[in-house]
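**Student:** Compute the structure for the input listed below.
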Amino acid sequence: MSAPQDRSMLLGRLAAVGSTLRALALATGTARLLAFWLPALALLAGIDWAWDLAREVPVPVRLLLTTAAYAALAALFLRLVYPSMRTPDPVDVATLVERRWPALDFRLVTSAQVECGTPFADRVVQEAARITEGQAWGDVVDRKPLKASFLALTPIVLALGLFWFVCPKTASVLAGRLAWLSPEPIPRWTNIQRPDEFHAPQGEPVELVLAYGGRSPGEGLLRWLGNDGQTLDIQMEIAEGQMTAVLPPVAGEGTVTAWAGDGRAGPIPFHRQARPVPVLVSAKAILPAWRGTTPSGSRYFTELVDGEAEALPGSDIEVSFDGGTPLSSCQVTVIPQGAAGTPRALPGTVDGSSGTIRFPLFAGDSRYEIQAVSQQGLTANPPLMRRCRPAPEDPPQVSWLAEHIPEVGTQEDGEDLDGLPVVIGTQFRVAYRASSVAGLGKAEFHYRVLNKTDWRVYKIPETKSQPDWGLFDRKTGQFGKQKGRNFEFFTPPSSDPEKIPGRGEAWGRFDFQIGELKELRIADRIEYKVVVHDLRPTPLAGESETRVKEVVGIDELLAWLRRREREQEKLRQLRLDQLGVFPDRPATKIGS
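**Tutor:** Below you'll find the model as predicted:
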């Protein structure tokens with residue numbers, strides 16, 4: 001083999017040894033870096049863990065720990081790894097090989113430095129090739145530093161790996177807190193759940209409740225730190241899954257921190273606020289839909305004085321109030337009378353500090369309570385309370401109007417001929433008035449011949465007024481331009497259709513013909529009454545007082561009228577005597 005070939009072979013082997021040296025140096029440097037840096041990380045994480053036991057680690061301290069971790073890594077890298085990243089010089093490698101094989105006597109170093117072409121250089125290269133022929137170039141590299149570095153690193157890695165295996169959550173959280181300042185709290189054997197903040201009513205003792213998981217602690221401590229620097233330590237009562245402590249009224253604005261076992265929660269902001277105080281703004285009873293609607297299509301309503309509700313069953317009670325502080329929610333609880341019923345709770349709506357509740361009024365309801373909740377979760381104490389009950393379910397009230405002789409005109413200013421008999425074959429006047437807060441639906445005329453027939457029913461038709469009849473006078477029960485006109489069942493329109501529902505009153509005035517009663521004879525008696533139904537889904541019926549008409553001839557009618565006239569004359573004379581119509585005669589006092 002020629003000298004150039006020998007030199008090329010020697011340089012190749014030197015390059016291979018250099019690559020091996022570089023790889024070993026990098027591995028050794030990395031192992032040493034980890035052997036120093038991993039314990040440093042464990043130390044920094046331990047500082048974070050231990051500090052967090054007593055109090056929250058300040059952000060500057062955490063930043064300092066993270067900076068120290070990265071600074072140590074950078075320093076160790078520059079000191080232990082970076083120098084090994086350079087490719088070794090062939091002369092340096094040749095020097096290392098000659099230390100392993102002294103017989104080379106600088107021949108290998110010379111071969112790496114001198115180019116072939118001269119007799120001296122060629123001889124030196126060939127002698128170096130001859131001496132190294134058959135030698136194990138791999139033995140030149142010293143692997144003991146690498147082994148020593150890995151022996152030092154192995155227990156560290158095993159210890160940290162075991163910790164990670166046993167406490168993976170704690171290990172990952174500590175690593176995250178060091179690596180990128182993670183805000184995640186460090187897990188503990190006793191894990192106290194940390195609320196965002198506490199809100200308590202002003203001037204009241206408050207019980208703070210903290211839930212915990214994991215190992216049950218033997219005891220716990222709560223520390224209140226006021227904004228003015230005052231502190232108050234309170235022992236916590238430990239129960240299954242929760243810890244409680246009662247802060248006195250003197251504990252104002254500040255923070256609270258809780259310790260139990262190895263767990264800690266806090267500092268947690270502690271605030272004092274005023275409870276909401278619901279004050280009534282307005283209240284109304286929205287009448288049921290069957291009571292009618294306004295021309296615009298909405299249901300009628302009535303204002304409630306001081307929120308005390310008494311309305312038709314099926315009405316909706318709507319109450320608006322002001323809570324005095326921004327609200328998050330509100331609800332109404334309707335409480336029935338007695339212990340048998342079940343209270344029912346309905347949510348309301350809020351807008352800022354105002355709230356509105358609405359609930360249907362049912363039979364048996366006795367009162368309602370409005371509870372308001374502030375945006376901090378404080379409830380009103382006491383709630384806004386008012387009574388409520390359905391209005392009595394009274395049937396329509398039906399009364400008779402003054403009775404006159406039909407053939408004698410209107411007689412609107414005449415006397416009431418109560419008990420006036422009816423001439424056989426003619427008719428008698430039926431005049432009535434009805435009213436109901438539940439509205440009026442239909443009317444019926446019930447009659448029978450005593451001791452001869454059963455009750456019979458005449459369905460009274462409803463009368464629609466005409467423009468030429470004029471306005472209806474509620475006092476006289478007659479139309480302005482058609483006085484004396486018969487109308488069987490008339491409900492005047494509402495005086496204010498947008499506010500007052502109609503069909504609350506009705507009048508009727510008609511002549512009942514008895515000529516068609518073939519079984520009727522003189523001296524018979526006709527019993528009759530008017531029945532009016534209201535507008536409820538299950539209507540209630542109201543009846544007038546039952547009246548009796550005696551069937552007579554013309555002579556008997558005239559005799560009855562003469563007797564009545566004599567009676568009326570006596571009554572008029574008695575009134576004149578009592579009133580003292582003569583100027584010189586004092587009035588006689590009744591009862592004197």
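
**Student:** do you know how far the closest residue to Gly203 other than its chain neighbours is from Leu232?
**Tutor:** With sequence-adjacent residues excluded and distances taken as CB to CB, 6 or more residues apart in numbering, Gly203 is closest to Pro249, at 5.3 Å. In short, each C-beta sits where N, CA and C put it, glycine included. According to CB to CB, to the nearest Å, Pro249 stands 12 Å off from Leu232.

**Student:** One more: Leu181?
**Tutor:** Plainly put, Leu181 is 32 Å away from Leu232 if you go by CB to CB.

**Student:** With neighbour numbers in mind, choose between these two.
**Tutor:** With neighbours defined as other CB atoms under 10 Å, Leu181 and Leu232 compare such that Leu232 has more, 15 against 12.

**Student:** residue contacts, the closest residue to the more buried one other than its chain neighbours?
**Tutor:** The spatially closest residue to Leu232, leaving aside those adjacent along the chain, is Trp224, at 4.4 Å (CB to CB, 6+ apart). Each residue near Trp224 by CB atoms under 8 Å, 6 or more residues apart in numbering is listed here: Thr231, Leu232, Asp233, Ile234, Leu247, Ala251, Gly254, Thr255, Val256, Phe270.

**Student:** From those, list just the buried residues.
**Tutor:** Among those, those classed as buried by neighbour count (16 or more other CB atoms under 10 Å) are Ile234, Leu247, Ala251, Gly254, Thr255, Val256, Phe270.

**Student:** Turn the residues you listed into JSON lines, including distance to Ala54, secondary structure and pLDDT.
**Tutor:** Output for those, formatted as JSON lines (distance: CB to CB, whole Å; DSSP: H, G, I helix; E, B strand; the rest coil; pLDDT from 0 to 100):
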{"residue": "Ile234", "distance to Ala54": "17", "secondary structure": "strand", "pLDDT": "91"}
{"residue": "Leu247", "distance to Ala54": "21", "secondary structure": "strand", "pLDDT": "92"}
{"residue": "Ala251", "distance to Ala54": "21", "secondary structure": "coil", "pLDDT": "90"}
{"residue": "Gly254", "distance to Ala54": "18", "secondary structure": "strand", "pLDDT": "94"}
{"residue": "Thr255", "distance to Ala54": "14", "secondary structure": "strand", "pLDDT": "93"}
{"residue": "Val256", "distance to Ala54": "15", "secondary structure": "strand", "pLDDT": "93"}
{"residue": "Phe270", "distance to Ala54": "19", "secondary structure": "strand", "pLDDT": "93"}
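
**Student:** closest to Val530 among those residues?
**Tutor:** Set against Val530, the nearest of those by CB to CB is Leu247 (72.2 Å).

**Student:** Next, find the distance separating the residue nearest to the spatial centre of the chain from Val61.
**Tutor:** Centrality entry for the chain: nearest residue to the mean C-alpha point is Ser329, 5.3 Å, by CA atoms, centre = their mean. Counting by CB to CB, the separation of Ser329 from Val61 is 41 Å.

**Student:** for Ser465, same thing?
**Tutor:** Counting by CB to CB, the separation of Ser465 from Val61 is 91 Å.

**Student:** Please apply the same query to Pro382.
**Tutor:** 48 Å.

**Student:** Enumerate the positions of stretch 483-500 that are buried.
**Tutor:** Buried residues in stretch 483-500, counting neighbours by 16+ other CB under 10 Å, are found at Arg485, Phe487, Glu488, Phe489, Phe490, Thr491, Pro492, Ser494.

**Student:** just to revisit the earlier point, quick one: secondary structure of the residue nearest to Gly203?
**Tutor:** Three states are possible here, and by DSSP: H, G, I helix; E, B strand; the rest coil the one that applies to Pro249 is coil.

**Student:** what's the helix or strand for Arg7?
**Tutor:** Assigned by DSSP states H and E, Arg7 belongs to helix 3-54.

**Student:** Can you check what angle separates the following helix or strand past that helix from helix 3-54?
**Tutor:** Remark: after helix 3-54, the chain's next helix or strand is helix 59-76, criterion DSSP H and E. On the basis of axes from the mean of the first three to the mean of the last three CA atoms, to 10 degrees, helix 59-76 is oriented at 160 degrees to helix 3-54.

**Student:** what's downstream of helix 59-76, the next helix or strand?
**Tutor:** Sequence-wise, the next helix or strand beyond helix 59-76 is helix 90-100, with elements assigned using DSSP H and E.

**Student:** If you count contacts, what does that next one end up packed against?
**Tutor:** Taking 3 or more CB pairs under 8 Å, 6 or more residues apart in numbering; DSSP states H and E as the contact definition, the neighbouring helices and strands of helix 90-100 are helix 3-54, helix 107-113.

**Student:** For the last one, the averaged confidence score.
**Tutor:** Looking at helix 107-113 alone, the average pLDDT works out to 69.

**Student:** Please apply the same query to the longest one.
**Tutor:** For helix 3-54, the per-residue pLDDT values average out at 84.

**Student:** now the angle from it to helix 90-100?
**Tutor:** On the basis of the same axes, to 10 degrees, helix 3-54 is oriented at 90 degrees to helix 90-100.
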